[in-house]
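Asks: Sequence and computational prediction follow.
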Amino acid sequence: MYYFGISIDLTLTGLVGLKLAPVPALATLPFALISVGSWCATYPASAFMRRYGRKAGFVVGSGAAMLGGLASVTALYTQRFVLFCCGIACIGVYQAFAGYYRYAAADIHPPEQRGKAISTVLSGGVIAAVIGPFLATTVKDVLPVEFAGSYALVTVLALISLGVLSLLTADGPAAPTPATAGPGPEESGAPRTLKEIARQPVFLAGAVGSCVGYFVMTSLMTAAPLAAVRAGHTVHDGAQVIQWHMVGMYATAFVSGRLTRKIGAGWTLLIGGTISALGTAFAMAGPSHMNFMIALGLIGVGWNLMYVSGSALVANSYRPQERSVVQGIGEIFTLGGSAVGALSAGPVLNALGWAPMNAALLAPIAASALLTLAYLFRSRSTRRG
């Protein structure tokens with residue numbers, strides 16, 4: 001239900017923002033607030049679940065989605081841009097809580113199976129990526145005000161999610177933590193500081209890899225429809241580019257977990273960065289519709305590999321008693337990259353243009369690769385020692 005709801009928001013929020021915004025320059029603000037809301041809420045979400053449990057947190061997230069859907073419907077009826085922004089920010093809060101679904105799956109599996117568990121969670125987005133945009137446009141006119149039906153559907157999906165969550169148990173015992181993350185809970189000693197945890201190569205590679213993957217993906221997903229229209233393509237062409245981008249993002253989940261388990265999360269992270277770089281190369285090659293399609297598809301694949309493997313590395317960096325704090329810090333990195341990408345995409349596109357913008361994204365991809373190589377080198381040296 002989460003993926004269906006978020007796919008509707010990703011498909012329509014830019015269009016509704018353009019319709020309600022007092023000036024065109026603010027049209028992308030609601031879209032950016034999905035990422036900004038997620039980033040602002042991610043650590044409070046972790047703290048809330050540490051105190052009250054994951055199930056309670058997931059219920060609160062679905063409640064935020066219901067509130068956001070209702071606020072968006074009301075904003076469309078009253079033509080209030082600020083209220084629409086508040087409603088979309090609530091969807092960002094929903095995304096912040098839902099981001100811990102993958103950690104809930106990872107924590108009940110041994111280290112070598114965590115990548116597969118995370119990818120299984122993400123695979124639910126495949127159907128939503130294909131059907132979600134279709135649903136969004138199909139029901140947009142079922143209510144008297146255009147697009148109100150779509151956001152009413154978001155509310156209904158959140159309500160269904162609440163019903164499903166009430167039947168689930170999300171607070172199971174954590175699986176053993178690997179030796180690379182430090183002594184297990186059975187070993188005595190003072191708790192590690194955040195500085196000690198964050199200095200681990202496994203954490204740095206994972207957190208930065210997830211952050212860069214999200215930053216690159218969100219930047220290009222936000223800018224691509226506008227760049228496509230500026231290049232002479234239709235609005236439908238731009239929507240098709242995003243649809244294939246989302247398919248690339250989530251269809252890859254069927255293989256990313258297996259790949260992480262077979263060759264390791266570090267190497268999978270490097271492959272994801274390479275594919276993302278290849279996507280930017282296609283974007284720089286020319287403004288044809290096919291180039292947009294291939295570029296955004298590859299960026300989606302690269303994001304999935306970097307997100308799954310980066311999350312798996314973060315999940316291997318903490319002891320069971322540290323998981324809530326470390327997961328929250330990891331999410332700040334990840335969703336911070338998404339928020340910065342969403343907010344900066346429009347200004348950077350206007351300042352540099354489509355091809356130079358893609359060229360500039362090679363720098364953070366390279367930085368992630370260097371940190372990952374450092375982690376792999378350290379891991380190999382530890383095993384030899």
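Replies: Ah, there it is.
Asks: quick one: Ala342 from Asn316, how far?
Replies: According to CB to CB, to the nearest Å, Ala342 and Asn316 sit 29 Å apart. Using the backbone N, CA and C atoms, a C-beta is placed for each residue, glycine as well.
Asks: same question, Pro364
Replies: From Pro364 to Asn316 the distance is 23 Å (CB to CB).
Asks: helices and strands around the helix or strand harbouring Arg323, which ones?
Replies: Following DSSP states H and E, one finds Arg323 within helix 323-352. The contact analysis (3 or more CB pairs under 8 Å, 6 or more residues apart in numbering; DSSP states H and E) places helix 323-352 against helix 29-52, helix 81-98, helix 101-107, helix 194-198, helix 201-230, helix 289-315, helix 354-360.
Asks: which stretch among those comes nearest His245?
Replies: helix 289-315 (3.8 Å; CB to CB).
Asks: buried ones in the closest one?
Replies: 289, 291-315 (16 or more other CB atoms under 10 Å).
Asks: what angle separates that helix from helix 201-230?
Replies: 160 degrees (axes from the mean of the first three to the mean of the last three CA atoms, to 10 degrees).
Asks: Now for the spatially most central residue of the chain: which residues touch it?
Replies: The chain has Tyr214 as the residue nearest its centroid, 6.1 Å off, counting by CA atoms, centre = their mean. Applying CB atoms under 8 Å, 6 or more residues apart in numbering, we find Tyr214 in contact with Trp303, Tyr307, Thr334, Leu335, Gly337, Ser338, Gly341.
Asks: Just checking, which of these comes out lowest on pLDDT?
Replies: Lowest-confidence member of these: Leu335, scoring 80 (pLDDT).
Asks: That residue contacts Tyr43, correct?
Replies: No - between Leu335 and Tyr43 there is no contact under CB atoms under 8 Å: 9.5 Å.
Asks: of these two, who's got more company?
Replies: Leu335 (27 against 17; other CB atoms under 10 Å).
Asks: gap between Ile131 and Ala98?
Replies: Taking CB to CB, one finds Ile131 at 18 Å from Ala98.
Asks: So between these two, which is more surrounded?
Replies: A count of neighbours by other CB under 10 Å puts Ala98 above the other of Ile131 and Ala98, at 24 against 14.
Asks: Tabulate the contacts of Tyr214 in JSON lines, adding columns for distance to Thr234.
Replies: Formatted as JSON lines, the contacts of Tyr214 follow (distance: CB to CB, whole Å):
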{"residue": "Trp303", "distance to Thr234": "25"}
{"residue": "Tyr307", "distance to Thr234": "30"}
{"residue": "Thr334", "distance to Thr234": "33"}
{"residue": "Leu335", "distance to Thr234": "32"}
{"residue": "Gly337", "distance to Thr234": "31"}
{"residue": "Ser338", "distance to Thr234": "27"}
{"residue": "Gly341", "distance to Thr234": "25"}
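Asks: Tell me who's in contact with Leu220.
Replies: Gly279, Thr280, Ala283, Ala295, Leu296, Ile299, Ala345, Asn358, Leu361.
Asks: Quick check: the last one vs Ser381, distance?
Replies: Counting by CB to CB, the gap from Leu361 to Ser381 is 31 Å.
Asks: Next: the third one.
Replies: Counting by CB to CB, the gap from Ala283 to Ser381 is 37 Å.
Asks: Also the second one?
Replies: Taking CB to CB as the measure, Thr280 and Ser381 are separated by 32 Å.
Asks: again, but for the first one
Replies: When distances are taken as CB to CB, Gly279 and Ser381 turn out to be 33 Å apart.
Asks: Tell me how far Arg230 lies from Met246.
Replies: 22 Å.
Asks: likewise Ala265?
Replies: 23 Å.
Asks: Tell me which of those two has more neighbours.
Replies: Between Ala265 and Met246, counted using other CB under 10 Å, the more crowded position is Ala265 (33 against 26).
Asks: wait, what's in contact with Ile131?
Replies: Ile131 neighbours (CB under 8 Å, 6+ apart): Phe4, Ser7.
Asks: That one is in what secondary structure piece?
Replies: With DSSP H and E as criterion, Ile131 is part of helix 125-138.
Asks: following that helix, which helix or strand comes up?
Replies: helix 148-165.
Asks: In stretch 66-85, which residues are buried?
Replies: So for stretch 66-85, counting by 16+ other CB under 10 Å, buried means 66-76, 81, 83-85.
Asks: Among those, list the two that are farthest apart in space.
Replies: Going by CB to CB, the pair spanning the buried residues of stretch 66-85 furthest: Met66 and Phe81, at 21.2 Å.
Asks: How about whatever helix or strand Phe254 lives in, which residues are buried there?
Replies: Per DSSP H and E: Phe254 is located in helix 253-263. Under the neighbour-count criterion of 16+ other CB under 10 Å, helix 253-263 has Ala253, Val255, Ser256, Gly257, Leu259, Thr260, Arg261 buried.
Asks: The fifth one reaches Leu269, doesn't it?
Replies: No - the pair Leu259 / Leu269 is not scored as a contact, 10.5 Å apart, by CB under 8 Å.
Asks: joint contacts of those two?
Replies: Leu305.
Asks: gap between the closest residue to Gly61 other than its chain neighbours and Met221?
Replies: Spatial nearest neighbour of Gly61, chain neighbours left out: Phe97 (2.8 Å); criterion: CB to CB, 6 or more residues apart in numbering. For Phe97, the distance to Met221 equals 21 Å [CB to CB].
Asks: Who has more neighbours out of Ala342 and Asn316?
Replies: Between Ala342 and Asn316, counting by other CB under 10 Å, Ala342 is the more crowded of the two (27 against 22).
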